[in-house]
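A.B. asks: Can you look at this prediction? I've put the sequence above it.
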Amino acid sequence: MKPILVVFILFFSGSMLQAQVENSTSLRIDAKNNEETNKFSLSKGLNTSNSEKDLNLFTSLRDSLGFNRTQRPFSMNEDNGLLDPEAEATPRWFKKDADIAGKGEMDQYFGDFKSNSQFIHLVYRDHGQQDGDVVRIFINGDIIKSGAFLTNAHQRIKINMVKGLNKIDILALNEGESSPNTAEFHLYDDQGIMITANQWNLLTGGKASMIVRKD
């Protein structure tokens, strides 16, 4: 009886062990299949998200660059935001010439001055638009410069002083391309000290005059 019972127990144990092995193998296969299925689904989801991001990025770039918008041609007559409203349309020296145009005088007298210098320097230049003004310079009626062409650069002429009155006359020979004949001048003694300074605005034939007295 006992040998039959032992055989029966062994047979039953073997059947149970085989059933566990089969169940274990089945579960591993299912887990592997599920894992592969999940991986496939996850990958598909990520690809879809990337595609949506790429599409949104392209849409943003398209809108920022102004694609499919009506472009107006550039016009020099319109204010496209490039014009500076504070910029001067006319150069200042042209405005200055325009202000004095037609206001020239036949003669200007700049006054009497005193100096005991051995000589004086007359420094002059066209302070407006350089337009071809020409003058003639006299001292006590004598010509010391027959034709001085005025430029924007300073020019200098030395005038020897005599005792008594030293009258300087500047005669406008023309009015250049822009009326009147204009210039600024400075008068210095032999020590470089300025005696006077002013501007002339002369019509053709007009004179700018001043007197320097020497004791």
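C.D. replies: Received it, and whenever you're ready, just let me know what you need. Residues are numbered from 1 along each chain as shown.
A.B. asks: The longest strand seen in the chain packs against which elements?
C.D. replies: Scanning the chain for the strand with the most residues, using DSSP state E, yields strand 194-214. Packing contacts for strand 194-214, counted by 3 or more C-beta pairs under 8 Å, 6 or more residues apart in numbering; DSSP states H and E, involve strand 105-114, strand 164-172, strand 181-188. For glycine as for every other residue, the C-beta is placed from the backbone atoms N, C-alpha and C.
A.B. asks: okay, the last one in CSV with CA atoms only?
C.D. replies: Same thing as strand 181-188. Extracted in CSV, the C-alpha atoms of strand 181-188 (Å, rounded to 0.1, in the frame of the first residue of the first chain):
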residue,chain,number,x,y,z
ASN,A,181,28.6,140.5,-49.7
THR,A,182,29.1,139.1,-46.2
ALA,A,183,32.0,138.5,-43.9
GLU,A,184,33.2,138.6,-40.3
PHE,A,185,36.3,140.3,-39.2
HIS,A,186,38.6,140.7,-36.2
LEU,A,187,41.1,143.5,-35.6
TYR,A,188,44.2,142.7,-33.5
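A.B. asks: what angle do it and strand 164-172 make?
C.D. replies: Inter-element angle recorded for strand 181-188 and strand 164-172: 160 degrees (by axes from the mean of the first three to the mean of the last three C-alpha atoms, to 10 degrees).
A.B. asks: mean confidence score for strand 181-188?
C.D. replies: Over the span of strand 181-188, the pLDDT mean works out to 96.
A.B. asks: One more: the longest one?
C.D. replies: Strand 105-114 shows a mean pLDDT of 94.
A.B. asks: Next, the residues that contact it from outside, please.
C.D. replies: Strand 105-114 is contacted from outside by 180, 187, 195-196, 198, 200-203, 205-215, using C-beta atoms under 8 Å, 6 or more residues apart in numbering.
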